[in-house]
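*Asks:* Below is the structure, and that's it, no one-letter string:
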């Protein structure tokens, strides 16, 4: 019996080895073909829908007024999110800011996990297209705290498998092929500046916070709720890595 | 649980997983069929009236060698043609040769297009060939095909 | 029924009469194959896909397409067309459930 077990075990080991031997990686030409698809991103339609939704709320003029900036300053201001907003008394992402605007203008407040909200958020961020991410994590104590919390959330190993965001996104493993995908450098790959993005595998628009939730779910970590202090902190930390990169919304991701 | 017992249990699990592939063959037969089941061979015969299509360097088919995911695979086809009333590309057919319904798209052009090119995105159920069959205005059929490896990659 | 969201893009943004431009038509559509199971209920999701697309430029049909369920969800169709005077490009599309929709874009050549 014992011998049989050993044979069976080594057989499975062999099988798994032969599978892992077939590690495909895409060529540069293949990647270029996918990059070309950005020109006709299905999410362009969703962003156009988001524009309609924002104009229902009063458009960019109302948004600028709500944020207390001039309309010309608006793109630069949006490129600095998540930020601490005095009237909320906390650090918020674009989605929560829009919720505040809906509430204050006595409109129906959309939940954060909502496709209309995603469209609206994507359009709002696209107002800042071509602007450079200018998040300031040292702007005040609130931002400093959020950044520190974000770093802890990013680095802490959680869940049954003891994985953290850092497990796949630490500088040591960048470029390693994991399931045909090179692990991205969050700095160079413009991560903070290309979400919300169209996800080809899901056929829909996803926000950065939504994507991070998906990641937690797949890595068997308890999922952090959208808009919670931890989640916003995580967005602050990840967005800071893309500081200085140009915003290009909507992105297009696998 | 004792260590030895644990391995015994593991043995059973391994044995079951060794049987599983055979069972999945049986399950394959019961797989849902879509509304338009049509093989590539049958479709090709119907379109070309049994004449078949000749592989041609005039047909430039571009697909990725490895697809990041089967849900969205970019495909583009360009055919060298003057696109005049006398000589133009009538139709470009795109096939996913191993999909349940191999037909993906047929684009019927006119000289008003100015250029015989199309680009779209297809779903691929598995690693397979993508084929382009082109009907010219003189009634001849040209073709090109290329294989695409479909991987289940990435996280989530 | 809610209008199906769609979009026509013409590249380059400015073009002259006689120029051959790239036209992309995108539409929000699930392109259900009729083979996919609903993850929650386990029921087969019925087929629903775009089956015909027609490009009409100032009253002349320049391109038609037969479409099947193997195209990706939210499909994109890119073709070329020769600019031949100002006017309108209209794309009419139908799906397998019989819904007919159309969208159009103004054609304004410069020079």
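*Replies:* Arrived safely. Model, not experiment: these values are computed from the prediction. Numbers count the residues shown, from 1 in each chain, chains lettered A, B, ... in the order given.
*Asks:* Return the backbone torsion pair for residue A:125.
*Replies:* Note on residue A:125: backbone dihedrals following degrees, to the nearest 10 are phi -70, psi -30.
*Asks:* wait, what's in contact with it?
*Replies:* Shown in contact with residue A:125 (CB atoms under 8 Å, 6 or more residues apart in numbering or on different chains): A:78, A:81, A:94, A:196, A:247, A:249. In this view, the C-beta of every residue, glycine as well, is placed from N, C-alpha and C.
*Asks:* Can you tell me the closest non-neighbouring residue to the first one?
*Replies:* Using CB to CB, 6 or more residues apart in numbering or on different chains and skipping residues adjacent in sequence, the residue nearest residue A:78 is residue A:128, 4.0 Å away.
*Asks:* my guess is that neighbour contacts residue A:245, does it?
*Replies:* No. With contact defined as CB atoms under 8 Å, residue A:128 does not count as touching residue A:245 (11.8 Å).
*Asks:* Look at the two and report which has more neighbours.
*Replies:* residue A:128 (23 against 18; other CB atoms under 10 Å in any protein chain shown).
*Asks:* show me the contacts for that one.
*Replies:* A:74, A:75, A:76, A:78, A:79, A:247, A:249.
*Asks:* What is the neighbour count of the fifth one?
*Replies:* The reference is to residue A:79. Counted with other CB under 10 Å, residue A:79 comes out at 22.
*Asks:* Spell out which residues of chain A are next to chain C.
*Replies:* A:37, A:39, A:40, A:42, A:44, A:45, A:46, A:48, A:49, A:200, A:203 (CB under 8 Å from any CB of the partner chain).
*Asks:* same check, this time on chain B
*Replies:* B:31-36, B:71-73, B:76, B:96, B:99-110, B:112-124.
*Asks:* Backbone dihedrals for residue A:211, both of them.
*Replies:* phi -70, psi -40.
*Asks:* just checking, residue A:153 touches residue A:230?
*Replies:* Yes. Under the criterion of CB under 8 Å, residue A:153 makes contact with residue A:230 at 5.2 Å.
*Asks:* pLDDT weak spots in chain A?
*Replies:* Scanning chain A for pLDDT under 70 picks out the ranges A:1-25, A:189.
*Asks:* Which residue would you name as the spatial centre of it?
*Replies:* Taking CA atoms, centre = their mean, the centroid of chain A lies closest to residue A:208, which sits 1.7 Å from it.
*Asks:* Identify the spatial nearest neighbour of that one, chain neighbours not counted.
*Replies:* residue A:195 (3.7 Å).
*Asks:* Is the one you found part of a helix or strand, or is it coil?
*Replies:* Under DSSP: H, G, I helix; E, B strand; the rest coil, residue A:195 falls in the coil class.
*Asks:* Is it in contact with residue A:212, as I believe?
*Replies:* No. Look at residue A:195 against residue A:212 with CB under 8 Å: they stay out of range, at 9.4 Å.
*Asks:* Who has more neighbours out of the two?
*Replies:* More neighbours surround residue A:195 than the other of residue A:195 and residue A:212, with 28 against 22 (other CB under 10 Å).
*Asks:* Tell me who's in contact with the residue most central in space within chain C.
*Replies:* Among the residues of chain C, residue C:25 comes closest to the average C-alpha position under CA atoms, centre = their mean, at 4.3 Å. Going by CB under 8 Å, 6+ apart, residue C:25 touches C:6, C:7, C:8, C:9, C:53, C:55, C:76, C:77, C:78, C:91, C:93, C:103.
*Asks:* can you confirm it is in a helix?
*Replies:* No. Looking at residue C:25 with three-state DSSP, it is strand, so not inside a helix.
*Asks:* pLDDT score assigned to it?
*Replies:* For residue C:25, the model assigns a pLDDT of 96.
*Asks:* Over to residue B:10?
*Replies:* At residue B:10, the model reports a pLDDT of 47.
*Asks:* ok, now the one 10 residues further on?
*Replies:* Taken from the predicted model, the pLDDT recorded for residue B:20 is 43.
*Asks:* Over to residue B:50?
*Replies:* Residue B:50 is assigned 88 on the pLDDT scale.
*Asks:* Tell me if it really is in a strand.
*Replies:* No. Counting by three-state DSSP, residue B:50 falls outside a strand, being coil.
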